[in-house]
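> the sequence and its predicted three-dimensional model are supplied below.
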Amino acid sequence: MSAVKVDSVNKRFADAQVLHDVHLDVPHGAVIALLGPSGCGKTTLLRLIAGFERPDEGHIAFDGRNIVSRTHWVPPERRGIGYVPQEGTLFPHLTVEGNVRYGLPRGSRSGRRVQEVLDLTGLSDLGKRYPHEISGGQQQRVALARALAPGPALVLLDEPFNALDLDLRRSMCEDVIRLLRDTGTTTVLVTHDPGEAFAVSDQLAVMQAGKIMQYDNPERVYWKPANPSVARLTGPTLFLSGQCLHGHAVTPLGTLPIHASCTPPQGEAWIMLRPEQVCMAGGPGTNQSSHALSLFSHGDPTGENRLGKTIAARVTQRSFRGDHTILGVSVAGAHVSLRLPSLSAPASGTIVHLIVQGACMAYAMH
Ligand SMILES: Nc1ncnc2c1ncn2[C@@H]1O[C@H](COP(=O)(O)OP(=O)(O)OP(=O)(O)O)[C@@H](O)[C@H]1O
């Protein structure tokens, strides 16, 4: 049975349609990420599940119980759902303990439960402090502890560590998700960071302009994005124009197999690869050949590896980006932008031999 089932939900604010026919099925105990650009409707969807907004149309069920429909409405305080908003929601005049106690229903605000939750969230030493006496990350942890205090079966996290810098945000997010998994809590995490979504979720819903464009496991979303927008929203892309024929795409980088699950258009198409699928197969004076071949012998994360032919290209531009370098190459009359590890990135003017690993996606050009 699903923990949460969102069916045919539409939501408008004034004249703007913010959610369009949204469906989402969250299995019990799973961690789901909602990924999408700013303004695409992620928070609105979370607030509808929590009960802070009402949909114009559609149904929402939680634990097999109808909580929202045209004729039925369960108020947020009776849903038993924990919600951790983006930031700044602690009561400044209450200590950490006081804030966590506030999350418990009246009549069951026992010191023991508060202490248990503080221990669970690694906050036991900070119980007597006030919000202004702890860091931003610790404040968000307190907000999480407050949401967990009543033991909800579902927790909604709305970019809870957004205010922190990238490394701290990712490590705190991973800690928190581990904790939620350990307690068997179903979780929906809103994020606009694909790396975070891939790292922590079992299933990933990619949203754009109020629609869920793809809902699938992280690896399938990354390697087999449903359309070019999902591809761009989930990581770096390499788009080539090509011709589709019998399950293959003829491109400036050679003839590439198309993923079996993709229904390619006939004839001209946009061909999508992840940049790391293109590597160098050794050039004059380099020892890249064995490196490139060893990548193939270890299998292919795209699941459809095949050793293709190498193709010669001339490096025309080189832009150092730290751990990787963007290379502009001229190949078969086309200009293609590649992303290679900086350690192996050749100089401008070099002739390189490229090889493509794995299969590609093909999309209609319109
Ligand atoms: N109460 C409201 N009244 C009017 N418009 C609203 C309201 N809440 C949200 N919106 C609009 O709905 C759209 C979706 O907002 P939402 O906060 O759900 O997006 P989001 O994907 O969570 O964005 P972000 O990542 O920036 O938080 C935006 O255009 C926003 O301006």
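Received the coordinates, thanks.

> immediately after the helix or strand that contains residue 49, which helix or strand?
According to DSSP states H and E, residue 49 maps onto helix 42-50. Downstream of helix 42-50, the first helix or strand assigned by DSSP H and E is strand 57-62.

> quick check: domain ranges of the protein?
Split into domains by automatic domain parsing, the chain comes to 2-229, 236-363.

> would you list the ones you listed in CSV and tack on mean pLDDT and mean neighbour count?
C-betas here are computed from N, CA, C, even on glycine. Formatted as CSV, these follow (pLDDT from 0 to 100; neighbours: other CB atoms under 10 Å):
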stretch, mean pLDDT, mean neighbour count
domain 2-229, 91, 18
domain 236-363, 81, 17
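
> figure out which of the ones you listed is closest to the ligand.
The ligand lies closest to domain 2-229 among the domains of the chain, at 3.2 Å (CB to the nearest ligand atom).

> what about that closest one and the ligand, any contact?
Yes: interface with the ligand: domain 2-229 contributes 13, 18, 36, 38, 39, 40, 41, 42, 43, 44, 192 (CB under 6 Å from any ligand atom).

> now the end-to-end length of that domain.
Using CA to CA, to the nearest Å, the end-to-end distance of domain 2-229 comes to 28 Å.

> between the residues of domain 2-229 next to the ligand, which is nearest residue 128?
If you rank these by distance to residue 128 using CB to CB, residue 43 comes first, at 32.7 Å.

> returning to what we had before: from the rest of the structure, what touches the helix holding residue 49?
Residues outside helix 42-50 that contact it (CB atoms under 8 Å, 6 or more residues apart in numbering) are 4, 6, 9, 11, 18-19, 22, 24, 34-36, 53-55, 60, 62, 68, 76, 79, 81, 83, 86, 154, 156, 158, 188, 190, 192, 207.

> quick one: work out the angle between that helix and strand 57-62.
Our comparison of helix 42-50 with strand 57-62, counting by axes from the mean of the first three to the mean of the last three CA atoms, to 10 degrees, yields an angle of 60 degrees.

> and helix 42-50, how far out from the chain's middle?
Centre-to-centre, helix 42-50 and its host chain are 17 Å apart (CA atoms, centre = their mean, to the nearest Å).

> scan this protein for its longest helix.
helix 166-182 (DSSP state H).

> how about residues contacting that one?
Residues contacting helix 166-182 (CB under 8 Å, 6+ apart): 29, 31, 120-121, 137, 140-141, 144, 155, 157, 160-162, 164, 187, 189, 191, 193, 195-196, 199-200.

> strand partners of the helix or strand following that helix, parallel vs antiparallel please.
Later in the chain than helix 166-182, the nearest helix or strand by DSSP H and E is strand 186-191. If you go by DSSP bridges, strand 186-191 pairs up with strand 31-35 (parallel), strand 154-158 (parallel).

> would CSV of the ones you listed with distance to residue 110 be doable?
Formatted as CSV, the strands paired with strand 186-191 follow (distance: least, CB to CB, whole Å):
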stretch, distance to residue 110
strand 31-35, 29
strand 154-158, 21
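
> closest to residue 212 out of those strands?
Of all the strands paired with strand 186-191, strand 31-35 sits nearest to residue 212, with 8.4 Å by CB to CB.

> where exactly do the helices run in the stretch 101-250 of the chain?
Applying DSSP state H, counting those that start in this stretch to the stretch 101-250 of the chain gives helices spanning 111-120, 136-148, 166-182, 194-200, 218-223, 228-233.

> so for residue 101, which of these sits nearest?
Across the helices of the stretch 101-250 of the chain, the minimum distance to residue 101, taken as CB to CB, is reached by helix 111-120, at 5.1 Å.

> for that closest one, list the C-alpha coordinates in PDB.
What follows is helix 111-120, C-alpha atoms only, in PDB (Å, rounded to 0.1, in the frame of the first residue of the first chain):
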ATOM      1  CA  GLY A 111      10.500  15.500  29.100                       C
ATOM      2  CA  ARG A 112      11.400  11.900  28.300                       C
ATOM      3  CA  ARG A 113      10.200  12.100  24.700                       C
ATOM      4  CA  VAL A 114      11.900  15.500  24.300                       C
ATOM      5  CA  GLN A 115      15.200  14.000  25.500                       C
ATOM      6  CA  GLU A 116      14.700  10.900  23.300                       C
ATOM      7  CA  VAL A 117      14.300  13.100  20.200                       C
ATOM      8  CA  LEU A 118      17.200  15.400  21.100                       C
ATOM      9  CA  ASP A 119      19.400  12.300  21.500                       C
ATOM     10  CA  LEU A 120      18.200  10.900  18.200                       C
END
